[in-house]
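1. give me the fold of what follows.
(one chain, ligands or ions: 1)
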Amino acid sequence: MTLTAESVSISFGGLRALDEVTLTVPERTIVGLIGPNGAGKTTLFNCLTGLYAPSSGRVLLDGRPLAADPAQAARSGVARTFQNIRLFSGMSALDNVLVGRHTRIRQGLVDALLRSPRFRRSEGQAVERARAELTFVGLDPEGDRPARNLSYGDQRRLEIARALAGDPAVLMLDEPTAGMNAQETAAVRTLIGAIRDRGIAVLVIEHDTKFIFSLCDHVYVLVRGRMLTAGPPPAVRADPRVIEAYLGAA
Ligand SMILES: Nc1ncnc2c1ncn2[C@@H]1O[C@H](COP(=O)(O)OP(=O)(O)OP(=O)(O)O)[C@@H](O)[C@H]1O
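-> Model prediction:
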């Protein structure tokens, strides 16, 4: 599935946070989104996940308008992680992933109350899948430790496992390596490649431009709400306007 923002604009009071922004995340592609602080990256993510409705322009998933509702957007195949970790900290790692899985499976209330064979079978499959996602991201498949007891890097990985459990077609990662050391960052790079190899499109916001240029197939540069340029990493890295935008910001 291809996720597209088409001439998306949105304002907060007098501030035009996004001005006619167009971006495409094609299947099996890792797309990077960079830009100085306050450029509008998170705002664009919020539009692409149905959290904000653009004041003009459209968000399309395979050519069809995406619902301006995060739960519905998730069900149609767009999953995300947040800049600040949002886990259920008292719940076990496994239960956190099961929450992500349950966005996908529908249980009848009667089946659940009676714990019918159909319900138990379906729950068993959900647990198996949740364990497989924990293994995929490099966490203990038992997942019995409370999320809050995991290291910071492992909590970020757990968020990714939870998002993957919902069977996304497109996964959006907001600063997945923020606060990580070099070793953890390298592990996330490998993980994102493996996610793409599963056929999932990935859109990544990062401040670490080195990480983005070495990881992504395509990079977009947002500056003060406008798309400055986009292209393969070598072209974007060499673009004098990009260098100026970053030096200007510094
Ligand atoms: N809900 C909101 N209400 C008012 N202003 C907002 C809101 N969300 C974002 N903004 C403003 O819109 C602009 C873009 O913010 P946004 O967080 O999208 O930028 P960003 O590129 O993600 O920044 P950073 O890299 O610092 O996270 C900023 O000026 C911000 O203050």
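2. mind jotting down where the strands sit in the chain?
-> Per DSSP state E, the chain carries strands over the ranges 3-12, 15-25, 30-34, 56-61, 64-65, 78-80, 170-174, 201-205, 218-223, 226-231.
3. what pLDDT does the nearest residue to D154 once chain neighbours are set aside get?
-> Using Cβ to Cβ, 6 or more residues apart in numbering and skipping residues adjacent in sequence, the residue nearest D154 is L139, 6.1 Å away. No exception for glycine: its C-beta is placed from N, CA and C like everyone else's. L139 is assigned 94 on the pLDDT scale.
4. least confident secondary structure element in the chain?
-> Sorting the helices and strands of the chain by mean pLDDT, DSSP states H and E puts helix 109-114 at the bottom, at a mean of 66.
5. which positions in the protein make contact with the ligand?
-> Residues of the chain lying close to the ligand by Cβ under 6 Å from any ligand atom are 12, 15, 17, 35, 37-43.
6. mind putting the strands of the chain into CSV with mean pLDDT and mean neighbour count?
-> Listed next are those as CSV, based on pLDDT from 0 to 100; neighbours: other Cβ atoms under 10 Å:
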stretch, mean pLDDT, mean neighbour count
strand 3-12, 97, 18
strand 15-25, 97, 19
strand 30-34, 97, 25
strand 56-61, 96, 17
strand 64-65, 94, 10
strand 78-80, 91, 25
strand 170-174, 95, 25
strand 201-205, 97, 24
strand 218-223, 96, 24
strand 226-231, 96, 17
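7. can you map out the helices along the protein?
-> Remark: helices assigned in the chain by DSSP state H are 41-48, 70-75, 93-102, 109-114, 117-136, 152-165, 182-197, 209-215, 233-238, 240-249.
8. let's test this: mean pLDDT of the longest one, rounded?
-> Going back to what we said before, that points to helix 117-136. The model assigns helix 117-136 a mean pLDDT of 86.
9. okay, buried residues for it please.
-> 119, 122-123, 126-127, 129-131, 133-134, 136 (16 or more other Cβ atoms under 10 Å).
10. could you do stretch 84-93 as well?
-> So for stretch 84-93, counting by 16+ other Cβ under 10 Å, buried means 85, 87, 91-93.
11. for that stretch, what is the average pLDDT?
-> 83.
12. re the thing from before, dump the residues of the chain next to the ligand to a markdown table, plus distance to A68.
-> Output for these, formatted as a markdown table (distance: Cβ to Cβ, whole Å):
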| residue | distance to A68 |
| --- | --- |
| F12 | 16 |
| L15 | 20 |
| A17 | 16 |
| G35 | 24 |
| N37 | 26 |
| G38 | 23 |
| A39 | 22 |
| G40 | 18 |
| K41 | 19 |
| T42 | 17 |
| T43 | 14 |
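13. contacting residues for the most centrally placed residue in the chain?
-> Centroid-nearest residue in the chain, with Cα atoms, centre = their mean: M172, separated by 1.9 Å. By Cβ atoms under 8 Å, 6 or more residues apart in numbering, the residues touching M172 are 45, 48-49, 78-81, 202-205.
14. do S214 as well
-> Contacts of S214 (Cβ under 8 Å, 6+ apart): 189, 233.
15. likewise Q83?
-> Applying Cβ under 8 Å, 6+ apart, we find Q83 in contact with 42, 174-175, 178, 205.
16. taking those residues, tell me the two that lie furthest apart.
-> Taking Cβ to Cβ, the two most distant members of the contacts of Q83 are T42 and A178; they sit 12.2 Å apart.
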